[in-house]
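1. Structure for this input, please:
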Amino acid sequence: MAQKQTAGRDRLGHLAPTFAHLNDDVLFGEVWSREDELSARDRSMITIAALFSAGLYPQLQSHLRLGKAHGITKQEAVEIVTQLAFYCGWPKAWSTFPMIDEIWADED
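-> Predicted structure coming up:
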């Protein structure tokens, strides 16, 4: 099940309250909760792929953590990045593997 997010309000509510509302209530509230259409785990995989391809590492790290909470295993995360490396860039994989190692460190 998708986790309720408050990152928008917590980080940007004072600066961009409308953006924070859209982030927390629409994106992470309405869209991520549509699990009959696509599971939170699948949404996490898609989001990880999109952020990886764009090289958006701070958001990628957050979504790797969220993906772990949604049931993505360390080996699956490694496989996702290995697959994407051929389509999106080898250096991006090198930048992402340490994040995976850190996030799933408890599985070693």
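2. Secondary structure class of Arg11, three-state.
-> Secondary structure assignment for Arg11 (DSSP: H, G, I helix; E, B strand; the rest coil): helix.
3. list the contacts for it?
-> For Arg11, the contact set (CB atoms under 8 Å, 6 or more residues apart in numbering) comprises Ala20. Where you see a C-beta, it was placed from the backbone N, CA and C, and this is true even at glycine.
4. could you list every residue that touches the residue nearest the centre of the chain?
-> Most central residue of the chain, judged by C-alpha distance to the mean C-alpha position with CA atoms, centre = their mean, is His63 at 1.8 Å. With contacts defined as CB under 8 Å, 6+ apart, the neighbours of His63 are 44, 47-48, 51.
5. The helix or strand of the chain with the lowest mean pLDDT: what's the following helix or strand?
-> Sorted by mean pLDDT, DSSP states H and E, the helices and strands of the chain end with helix 7-12, the least confident at a mean of 90. Elements were assigned by DSSP states H and E; along the chain past helix 7-12, the next helix or strand is helix 17-21.
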